[in-house]
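Novice: Next input, structure requested:
(2 chains)
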Amino acid sequence: MAYDYEGLAVGGGTAGVTRNRTLVFAAALALAAHKDVQRPLGLLGGPITVEVRQPSGGVFVALPDQRRLDARVFGTPDMPRMTTGTPGVTGVPPMARETEDGRYTRMAAPSPFGDAHVVLPDGVLELTATDATATDAAATEDEVEMRASWKDGDGNTYEVRCCAMLATHGMEFPTFGGVVTNHILHGFTGIGTALMPSEYAYLAFWGMGEVRKNGEVVDAPRLVHGMLTEYVRTEGYRLATDEEVTPTRTHFHLMVAPFKPVPEQLTFEQDPVQTGFTLPNGMTLPFWHVMFENLEVDADRG
Amino acid sequence: MNPTFHRTLGLLALAGLILLGVGLSAAAPEADAVVMMTNDLKFTPATVTIQRGQTVEWRNTSLLVHTVTADPAKATLAESVRLPDGAPAFDSGTLDPEATFRHTFTVPGTYRYFCVPHEGAKMRGTVIVE
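Specialist: All right, here's what the predicted structure looks like:
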């Protein structure tokens, strides 16, 4: 297992990398029929426009942590699941998992997905997204305009804006033209990292955006993923297993992952986000994974 | 200085202090129990015991928005709310950081309440009215 910046797990051994690249390529081939489509079909029943706002209150910022592993998603050492795909993007190689008494317990190294977090003040979210295009394609009618910001205790303002461009098709999993509504993601689905629980998303998007600190762009372009989902935290704000999800409550997740796509190679490269946010150990947080929970949601079809 | 004017000034000052005192007293009577709402999604203390007719004050000491809700119509999990027979439901609405909310309990029994945005994180508290 290879480890890189700030202790994040970022790759497998040589054999694992080769195998995963092969599987990434296979997954990309599955989407290949869509990637050149210039006039994709629209959403049945017409476009859906969703507005999500957080007018006030703080946010939860995830810190690097070792994710508990759910047997429903990851199987057992004798019958592992979710092993394929780029490690850290969709794949979780068995060598990256800790075991005890014949079962997986937690990830061997920290990732952006776990229980550790900090609460920061003054979170504001303004998001308008339209899901018009149904499938992956070369072009899209989907649209996203998002501004999300929060502060730290010293008064610094952190902001993510999206999307200058949408990810109209995926390399390793579908992106549905950039925006998808009313779909299940993550966990056992293979759409996004398995380190998040399997969860119904009322809205999700993938696109290229920018990261700012105190109004200055500090990292761009960055792949930004946002989603309004059922509530996937439990007591103590622990990241839920599939069984612990609360289907009747929602929250919004913002993710700027420490990876960047390399489309010509059909792979992802490690690339820490220049967040400008300093962890207690003096290191810079290499990703943003931020939850907004004081939400106003509105949606219209047509 | 004119002694009459001096005496009048003194009486006005005294009246002002009395009025101010009454005003402050009316605005912020002592609560019988105080519960904090925290960043780690807890009501602290989780359980308070009061007498019938007494008042509980909730203080949002966190950076987050919380609610104090004991209304079955607003709960999505049955275990989030419990009201004694005959007790009216109550709900603070959105409480920004530093906001407070008070409720006076007139029906004895055990009340369980929750925070709407953090119901999934099991942010719940209990008031026992004797």
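Novice: Name the SS class of A:Val73, please.
Specialist: helix (DSSP: H, G, I helix; E, B strand; the rest coil).
Novice: What are the neighbouring residues in contact with it?
Specialist: A:Arg81, A:Met82, A:Gly187, A:Phe188, A:Ala194, A:Pro197, A:Ser198, A:Thr241, A:Asp242 (CB atoms under 8 Å, 6 or more residues apart in numbering or on different chains). Just so you know, the C-beta spots here come from the backbone N, C-alpha and C atoms, and that holds for glycine as well.
Novice: Next, count neighbours for the fourth one.
Specialist: For A:Phe188, the tally of surrounding residues (other CB atoms under 10 Å in any protein chain shown) stands at 17.
Novice: Make sure I have this right: it is in a helix.
Specialist: Yes: judged by three-state DSSP, A:Phe188 forms part of a helix.
Novice: Take the contacts of A:Val73 and lay them out in TSV including secondary structure.
Specialist: Converted to TSV, the contacts of A:Val73 look like this (three-state DSSP):
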residue	secondary structure
A:Arg81	coil
A:Met82	coil
A:Gly187	helix
A:Phe188	helix
A:Ala194	coil
A:Pro197	coil
A:Ser198	coil
A:Thr241	coil
A:Asp242	helix
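Novice: And those residues, which is closest to chain B?
Specialist: Nearest to chain B out of the contacts of A:Val73 is A:Pro197 (CB to the nearest CB; 12.0 Å).
Novice: Just the pLDDT for the closest one.
Specialist: Note on A:Pro197: pLDDT of 98.
Novice: shouldn't A:His183 be in contact with A:Ala201?
Specialist: Yes: counting by CB atoms under 8 Å, A:Ala201 is a contact partner of A:His183 at 5.7 Å.
Novice: More neighbours: which of these two?
Specialist: A:Ala201 (22 against 16).
Novice: Which of the helices or strands spans that one?
Specialist: strand A:199-213 (DSSP states H and E).
Novice: what sits against the closest residue to A:Asp36 other than its chain neighbours?
Specialist: Spatial nearest neighbour of A:Asp36, excluding adjacent residues (CB to CB, 6 or more residues apart in numbering or on different chains): A:Ala138 at 5.2 Å. Taking CB under 8 Å, 6+ apart, we find A:Ala138 in contact with A:Lys35, A:Asp36, A:Val37, A:Gln38, A:Thr168, A:His169.
Novice: Burial check on residue 74, number of neighbours?
Specialist: Just going to use chain A. 25.
Novice: Oops, wrong one, chain B.
Specialist: Here the number of neighbours of B:Lys74 (other CB under 10 Å) works out to 15.
Novice: dump the residue contacts of it.
Specialist: Neighbouring residues of B:Lys74 by CB under 8 Å, 6+ apart: B:Asp91, B:Val116.
Novice: Quick check on it: phi, psi?
Specialist: Per-residue torsions, B:Lys74: phi -100, psi 0 (degrees, to the nearest 10).
Novice: Next one: it from B:Glu98, what distance?
Specialist: 23 Å (CB to CB, to the nearest Å).
Novice: can you check B:Arg82 too?
Specialist: Distance from B:Arg82 to B:Glu98, by CB to CB: 28 Å.
Novice: out of the two, which sits in the more crowded spot?
Specialist: More neighbours surround B:Arg82 than the other of B:Arg82 and B:Glu98, with 17 against 10 (other CB under 10 Å).
Novice: In terms of pLDDT, where does the more buried one sit?
Specialist: pLDDT, read off for B:Arg82, is 98.
Novice: And for the nearest residue to it once chain neighbours are set aside, the neighbour number?
Specialist: Leaving aside its chain neighbours, B:Arg82 sits nearest to B:Arg112 (3.8 Å; criterion: CB to CB, 6+ apart). Neighbour count of B:Arg112, defined by other CB under 10 Å: 16.
Novice: before we move on, what about A:Leu44?
Specialist: The burial count for A:Leu44: 6, using other CB under 10 Å.
Novice: Equivalent analysis for B:Val65, please.
Specialist: B:Val65: 25 neighbours (other CB under 10 Å).
Novice: now the helices for the chain?
Specialist: If you meant another chain, say so; for now it's chain A. For chain A, applying DSSP state H gives helices covering A:14-32, A:71-74.
Novice: my bad, chain B
Specialist: Using DSSP H, helices in chain B cover B:3-27.
Novice: Would you quantify the distance from the residue nearest to A:Asp36 to A:Leu31?
Specialist: Relative to A:Leu31, and taking CB to CB, A:Ala138 is found at 11 Å.
Novice: Give me the neighbour count for A:Arg233.
Specialist: 25.
Novice: Check A:Ala194 too.
Specialist: A:Ala194, neighbours per other CB under 10 Å, totals 27.
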